[in-house]
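[1] Sequence and predicted model, in that order:
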Amino acid sequence: MRIDPERSYDLIGDVHGCAHALARLLEGLGYQRQGGVWRHRRRQAIFLGDIIDRGPHIREALHLVREMVEQGQALCIMGNHEFSALGWYMPAPPGSGRQFVREHSPRYAMLLGETFRQFEHRQEEWRDFREWFYQLPLFLENERCRVVHACWDGEVIDQLRPRLTQGRIDPELLREAGLENGFVGKAIDRLLRGTSMPLPDGLTLTSEEGFVRSFFRTKFWEENPRTYADVVFQPDPLPAEASRRLLSEQQKSRLFLYGPDEPLLFIGHYWMRGRPGALRHNLACLDYSAVKNGKLVAYRLDREERLDPAKFAWVDVER
């Protein structure tokens, strides 16, 4: 799905139910609430997905974003949390070895739990929002910039594109994503959750939320990595013995690279900390852990071809 190259945009990272912080951010960016909708005379917002889960005002955030989209004041792409919400209810296809596309495991029950609680007595409204999730494209693009929740892999997108309607999934494609080793599931996982690498020697790490993993999220822009520490991209540190280990040539060859000469790319997803800024001159992550007392971050995009440090804007979020 294409975005207008002549228009100016405010790209906004993962909201996760922080509706009040989002209102403060929009106000600071020059948007005004008119007729119940946040509007700007010259600019349009682009939300990078993950509007739901975790935060205190998920319903309010969904209404705010959807109303902006429906009134032409914003665009919004799908995040992995919106996809999980759809997959939670979709029966998996025969032969998949699972009951639902998104398994009803303790992990996903916890991740979706706050959303379920806030809609507990509003089931019809929640069904309506889930139907709206099908209107969220997996990615946006024009000649100068690209927007995806976690990772832009051009080859995967080109293979997936014929199966999409204006970049959007449908119930049939969602159901097919339940085949664990099928292309559709792997492709959507790459776009919405990024790249990863197994930990060596059977090592594991435990996330802040107590979930044990045998893999870690990786950078997809590191051109000359030497060690595991050079490619890790997540808030949870690697075990010390893994961090120092050298990557093999085979491991290096398998790493995906978004090149320095490609268009500007904006992503969310990765729970960054600190002062918002570019990862590279053509790559910015706008997820700064808003729902974990971090920052809700925007980038004010005009017609530049290199990211400008002065164009990052944010509000601090306190629970």
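    Ah, there it is. Numbering: from 1, shown residues only.
[2] CA atoms for contacts and neighbours, from now on please.
    Noted.
[3] Any idea how many residues pack against G182?
    12 (other CA atoms under 10 Å).
[4] tell me the contacts of it?
    G182 is in contact with E176, counting by CA atoms under 8 Å, 6 or more residues apart in numbering.
[5] now the stretch 201-319 of the chain, which segments are flagged as low pLDDT?
    319 (pLDDT under 70).
[6] As a check, name the ranges of all strands in it.
    205-206, 212-213, 215-218, 264-267, 283-285, 287-288, 295-301, 312-316 (DSSP state E, counting those that start in this stretch).
[7] could these go into CSV alongside mean neighbour count?
    As requested, those are exported to CSV (neighbours: other CA atoms under 10 Å):
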stretch, mean neighbour count
strand 205-206, 16
strand 212-213, 12
strand 215-218, 18
strand 264-267, 24
strand 283-285, 23
strand 287-288, 27
strand 295-301, 26
strand 312-316, 20
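[8] Which one of these lies nearest to G167?
    Among the strands of the stretch 201-319 of the chain, the nearest to G167 by CA to CA is strand 264-267 (16.3 Å).
[9] Could you list the residues in contact with the closest one?
    With CA under 8 Å, 6+ apart, strand 264-267 has contacts from 11, 13, 48, 144-152, 281-287, 305-307.
[10] Apply 10 Å and report the result again.
    11-14, 48-49, 139-152, 191-192, 194, 258, 278, 280-287, 299, 301, 304-307 (CA atoms under 10 Å, 6 or more residues apart in numbering).
[11] re earlier: and the strands of the stretch 201-319 of the chain: which comes nearest H121?
    Once the strands of the stretch 201-319 of the chain are compared by CA to CA, strand 295-301 is nearest, at 28.6 Å.
[12] gap between that closest one and the chain center?
    The chain centroid and the centroid of strand 295-301 are separated by 14 Å under CA atoms, centre = their mean, to the nearest Å.
[13] So in that sheet, which strands flank that strand, and in what orientation?
    With DSSP bridges as the test, strand 295-301 is paired with strand 8-12 (antiparallel), strand 287-288 (antiparallel), strand 312-316 (antiparallel).
[14] Kindly present the ones you listed as a markdown table, with separate columns for distance to Q71.
    As requested, these are exported to a markdown table (distance: least, CA to CA, whole Å):
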| stretch | distance to Q71 |
| --- | --- |
| strand 8-12 | 15 |
| strand 287-288 | 25 |
| strand 312-316 | 24 |
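[15] any idea how far R107 is from D308?
    38 Å (CA to CA, to the nearest Å).
[16] in the stretch 51-200 of the chain, which spans are strands?
    74-76, 139-141, 145-148, 195-198.
[17] Out of those strands, the one nearest R130 is which?
    strand 74-76 (14.0 Å).
[18] hmm, which of the contacts of strand 264-267 are the buried ones?
    Buried members of the contacts of strand 264-267, scored by 16 or more other CA atoms under 10 Å, are 11-14, 48-49, 139-141, 144-152, 191-192, 194, 258, 278, 281-287, 299, 301, 307.
[19] returning to that earlier point: just put the strands of the stretch 201-319 of the chain in TSV and tack on distance to R168.
    Listed next are these as TSV, based on distance: least, CA to CA, whole Å:
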stretch	distance to R168
strand 205-206	34
strand 212-213	30
strand 215-218	25
strand 264-267	17
strand 283-285	22
strand 287-288	22
strand 295-301	24
strand 312-316	28
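[20] F183: which of the ones you listed is closest?
    Nearest of those (CA to CA): strand 215-218, 20.0 Å.
[21] Run through the neighbouring helices and strands of the closest one.
    strand 195-198, helix 228-231 (3 or more CA pairs under 10 Å, 6 or more residues apart in numbering; DSSP states H and E).
[22] Contacts for that strand next, please.
    193-200, 202-205, 228-238, 255-256, 270.
[23] let's see it at 8 Å
    The contact list for strand 215-218 (CA under 8 Å, 6+ apart) reads 194-199, 204-205, 231-234, 238.
[24] what about that strand, distance to the chain center?
    16 Å.
[25] For that strand, C-alpha coordinates in PDB please.
    Taking C-alpha atoms only, strand 215-218 is exported to PDB below (Å, rounded to 0.1, in the frame of the first residue of the first chain):
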ATOM      1  CA  PHE A 215      16.600 -17.500  20.700                       C
ATOM      2  CA  PHE A 216      17.200 -13.800  20.600                       C
ATOM      3  CA  ARG A 217      16.100 -10.900  18.400                       C
ATOM      4  CA  THR A 218      18.800  -9.700  15.900                       C
END
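[26] so how far is E241 from the residue lying closest to P235 once chain neighbours are set aside?
    Take P235 and drop its neighbours on the chain: the residue closest to it by CA to CA, 6 or more residues apart in numbering is W271, 6.4 Å away. To E241, W271 is 24 Å away according to CA to CA.
[27] quick one: which of the two has more around it?
    W271 (20 against 10).
[28] What separation is there between the residue nearest the centre of the chain and R190?
    Centrality entry for the chain: nearest residue to the mean C-alpha point is H149, 3.0 Å, by CA atoms, centre = their mean. According to CA to CA, H149 and R190 sit 10 Å apart.
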